[in-house]
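Asks: here is my input; please provide its structure:
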Amino acid sequence: MKSAALPLPEHKQGGVTDHDLWELVPEHVRPGTTLDMLAWPWNEVIYHYPSRTHQHVALDVPDPIRHEFIWWLWSLHVTGERVSPSAVSTWMHSIAHISTSRVQRGHPPITSFLDLDLDTWITEARSAFTARHQRLPGARFSQNHLQIMRRLRRAVGIAYHEQAWWQAELWDPLHDSRIPARRHEPRGHATVDWSTVEPDWLRAAGQWWLGTLLNADRIRWGSVGRYRTSLCAHLGPFLIERGIDSPVLVTDPATMLRPFANDFLGWLRTRRAANGPNKGQPLSNKTISLTQTAVNSMYAFFVEHRDEAAFVLGDPRWRELTERHLVMWPRGETISVVRSDDAPEYLDDEDLSRVAAHLDLIGLPVKESRTIVVDGQDKTVFGLGDPQVMRAYLLLILTGRRVNEILMLDPDPLCPLLTAPDRQSDPKKPEPEDSASEFFVARLRYQQTKIDGAPNTIPVEQAVVNIIREQQDWVRDTILPTLTVGAEPKYLFLARKGNQRGQRPLGGIRQRLTDLAALIELRDKHGRPVDFQRTHRLRHTKATQMLNAGTPLHVVQRYLGHVSPEMTLRYAKTLARTHEEEFLRLTLIGTDGRDHDVDQHALLDVLQLDQRTDRILPNGYCLLPRPKTCERGNACLTCGEFATNATYLTELEDQRDSTLNLIETRRTQHFQRTGKHMTDDNMWLTARRSEVSALNLIIANLTSPDGDESTTVQGAGVGGRDAVRRASQPRTPVDLPLGPSRKGHRP
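Replies: Here you go, the predicted structure:
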């Protein structure tokens, strides 16, 4: 049994009863007619408010109800959860009245919390409150008491459910130990509710299909909710709207299944998101693609197991499936998921530094304020009071781990760079390649939550060790005193609510980051909001930093925890795309200061930044077409195929100064040797002055107030004095070529 699972009785012939639940409660803590909420263990399952304690709760309710209720409170003690004492008191007062009132109205007596549905319980509770207090309950009455009844009925339902676990309407792996889940399950606290899935045959099919895949370890718990949403929110409503009530879907699969699939796809295109950040907007390509994948996968499974499905589900119609049901949409007809914006998948060093500079606002107490600068204006902001999220995000920046790998760290996740057995067997054994540097001081052990068998340790620097030690001290001083006696926390970052035994990891990190983004309103160099809430970007950022630094691919692969170099190469593509995006920002201008008629993508194709290093010069780029070879020697500054930009400004200024010094030196030597000054028509002097003129033009263009760092000068020295004369004329402002070319070139 999992540490957080409900205490459940053994199933027996005739079914589980309330007496079986009652037997699970230790005899020495079973209350009589009154429950003392300040006595152990009940004092550990309630929130303690200084204003109202609700110490004594009368239990004058039918025995079956009392048995279920006390068992549920005991289960909260076992799982480390809490409940509002006022809700406990109110419900116990109400149930006695509800039971009596219903009998007087001709209803059978209540013998279980499952006798009434949730809505009926709330309606009856409101009536009982009105009868008792001679006034209507407040606006928050239903909200305050709905949750406790939902939790109670959920637990009792799990205890009484004697069929296969997948047949239950609610799947709750946190409390139901029968549901397959990993020891470290990132979404282990999430539940899946099947009660709203219609039609009935689709609900039963989805439960058996996903239950079978979970049992066979073919999918993980985190994927179940997405598949269920595809069936409940999309396929089910479509079938009901079209009046389809058969798993075969159409009368003639050979001719009608393709039109059905196309009709469903078109219907999805008309749907709007019901919730989330895109509420009211058309369904995203990702949502539509996931729905297509879910339907394809489910029907492929049922075609393979149609006879078994007909037997298990008691529905012979499943035998009527044909091979045409194997694929609703072929591979080429599933919606492609392409990002709709051009935001990079990484954060550059400048943006990352600005985010890190404001992270302390997350850990700042909510009653403390700080003045920051937003868009050039002073702004006073209050802290968010969540130092755990601050430290978790810093670890994400420094390590590049997935967010769940950080949030589910062990309480003591650090170990030596070399294990003790390694040192004992061979003290002189060299350290692994990825940890040989003096930069690393320890190894970080994390939960490999995505890829079984992949590495689960990385070398880390002193900064990571310091953050972990700080979090450990904070847990010891802040969290441990609030846990039940003897509790042993399972994770380094712990949830603050419903976690009396320290078995649940921290959650809600994205909301805190969203709150921080709203406070600081960071924008990047293009004026776009810095989207640092998408924590997986930090993984791309770390990979890009390592590749930029020249780290070998196999070392990056080991560090990221990938099992194949192909996965790591995705980040190498990110690096190449980074170079491409930055290069395409360059604006080419000619010797007269106007836009140069060269398409940026064609230019990139010529240079091939990651391959054609022969075309990257000390002070710019050579635009000579690929098949041609250079015949000008080192006369780049007077060649029309030479281009440069502001990143080479220092080199260009140094080259101009050294050329001017060289001219003066040679003219002095010429006078000393001949007794005559070097004339202006001297061939050598003419060439050097042409180079200086080109450099002056380039530097003037790159440092002009009308230009910016993205300006590229091409062929600036061509034309000598004529070029100088034309460049002195008024210039047309240069636009960044971020859209289609103005001269017909491909974008």
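Asks: rest of the way, CA atoms for contacts and neighbours
Replies: Fine.
Asks: from the contact counts, what lies against the helix or strand hosting L214?
Replies: Here L214, judged by DSSP states H and E, is contained in helix 200-215. Under the contact criterion of 3 or more CA pairs under 8 Å, 6 or more residues apart in numbering; DSSP states H and E, helix 200-215 touches helix 221-229, helix 285-304.
Asks: now those in JSON lines, with distance to K12 and mean pLDDT?
Replies: Listed next are the helices and strands packed on helix 200-215 as JSON lines, based on distance: least, CA to CA, whole Å; pLDDT from 0 to 100:
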{"stretch": "helix 221-229", "distance to K12": "28", "mean pLDDT": "90"}
{"stretch": "helix 285-304", "distance to K12": "32", "mean pLDDT": "93"}
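Asks: closest one to Q143 among those?
Replies: Closest to Q143 of the helices and strands packed on helix 200-215 is helix 221-229 (CA to CA; 24.9 Å).
Asks: backbone phi and psi for M149, please?
Replies: Backbone torsions of M149, given as degrees, to the nearest 10, read phi -70, psi -40.
Asks: state the distance from it to F69.
Replies: Noted for M149: a distance of 10 Å to F69, by CA to CA, to the nearest Å.
Asks: take the helices and strands packed on helix 200-215 and lay them out in CSV including mean neighbour count.
Replies: Listed next are the helices and strands packed on helix 200-215 as CSV, based on neighbours: other CA atoms under 10 Å:
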stretch, mean neighbour count
helix 221-229, 18
helix 285-304, 19
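Asks: can you say which of these is nearest to A254?
Replies: Closest of the helices and strands packed on helix 200-215 to A254 is helix 285-304, at 14.6 Å (criterion: CA to CA).
Asks: what's the closest one packed up against?
Replies: Using 3+ CA pairs under 8 Å, 6+ apart, helix 285-304 is in contact with helix 200-215, helix 221-229, helix 253-270.
Asks: just to revisit the earlier point, of M149 and F69, who's got more company?
Replies: F69 (23 against 19; other CA atoms under 10 Å).
Asks: the closest residue to that one other than its chain neighbours - how many residues pack around it?
Replies: Leaving aside its sequence neighbours, F69 sits nearest to L152 (CA to CA, 6 or more residues apart in numbering; 7.7 Å). For L152, the count of nearby residues is 17 (other CA under 10 Å).
Asks: Provide the backbone phi and psi angles at L152.
Replies: phi -60, psi -50.
Asks: Q104 versus D375, what's the distance?
Replies: 69 Å.
Asks: same check on S353?
Replies: Taking CA to CA, one finds S353 at 70 Å from Q104.
Asks: my read is that V57 contacts L35, right?
Replies: Yes: if you go by CA atoms under 8 Å, V57 and L35 touch, sitting 5.0 Å apart.
Asks: what's stretch 257-276 in contact with?
Replies: With CA atoms under 8 Å, 6 or more residues apart in numbering as the test, stretch 257-276 has contacts from 234, 238, 249-250, 279-283, 288, 324-325, 328-329.
Asks: could I get those residues in a markdown table, plus columns for secondary structure and distance to L364?
Replies: A markdown table is the format used below for the contacts of stretch 257-276 (DSSP: H, G, I helix; E, B strand; the rest coil; distance: CA to CA, whole Å):
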| residue | secondary structure | distance to L364 |
| --- | --- | --- |
| H234 | helix | 43 |
| F238 | helix | 49 |
| L249 | coil | 57 |
| V250 | coil | 60 |
| K279 | coil | 32 |
| G280 | coil | 35 |
| Q281 | coil | 36 |
| P282 | strand | 39 |
| L283 | coil | 38 |
| I288 | helix | 41 |
| R324 | helix | 60 |
| H325 | helix | 57 |
| M328 | coil | 53 |
| W329 | coil | 52 |
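Asks: elements contacting the host helix or strand of G236?
Replies: Using DSSP H and E, the element containing G236 is helix 236-242. Applying 3+ CA pairs under 8 Å, 6+ apart, one finds that helix 236-242 makes contact with no other helix or strand.
Asks: got CSV for the helices and strands packed on helix 200-215, with distance to A254 too?
Replies: Converted to CSV, these look like this (distance: least, CA to CA, whole Å):
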stretch, distance to A254
helix 221-229, 27
helix 285-304, 15
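Asks: closest to L114 out of the ones you listed?
Replies: Closest among the helices and strands packed on helix 200-215, using CA to CA: helix 221-229, at 24.6 Å.
Asks: list of residues touching the closest one?
Replies: The contact list for helix 221-229, computed with CA under 8 Å, 6+ apart, reads 180-181, 185-188, 192, 194, 206, 210, 214, 290-291, 294.
Asks: give me that answer again for 7 Å
Replies: For helix 221-229, contacts defined as CA atoms under 7 Å, 6 or more residues apart in numbering pick out 181, 187, 192, 210, 294.
Asks: for the second one, what are phi and psi?
Replies: What it means is R187. R187 adopts backbone torsions of phi -110, psi 40, taken as degrees, to the nearest 10.
Asks: for L409, see how far away the spatially closest residue to it that is not a sequence neighbour is.
Replies: Counting by CA to CA, 6+ apart, the nearest residue to R187 once its immediate chain neighbours are dropped is G222, at 5.7 Å. Distance of G222 to L409, computed by CA to CA: 18 Å.
Asks: what of S369?
Replies: S369 is 31 Å from L409, where distance means CA to CA.
Asks: so between the two, which is more surrounded?
Replies: L409 (23 against 14).
Asks: please name the residues that touch that one.
Replies: 446-447, 491-492.
Asks: look up how far T399 lies from it.
Replies: For L409, the distance to T399 (CA to CA) stands at 13 Å.
Asks: which among the contacts of helix 221-229 gets closest to Q167?
Replies: Using CA to CA, the contacts of helix 221-229 come closest to Q167 at L210, 10.8 Å.
Asks: the strands in the chain, which residues?
Replies: 34-36, 56-58, 170-171, 192-193, 369-374, 377-382, 414-415, 442-445, 457-460, 587-589, 616-617, 620-622, 642-645, 711-714 (DSSP state E).
Asks: mean neighbour count, those: which tops it?
Replies: strand 711-714 (a mean of 26; mean count of other CA atoms under 10 Å).
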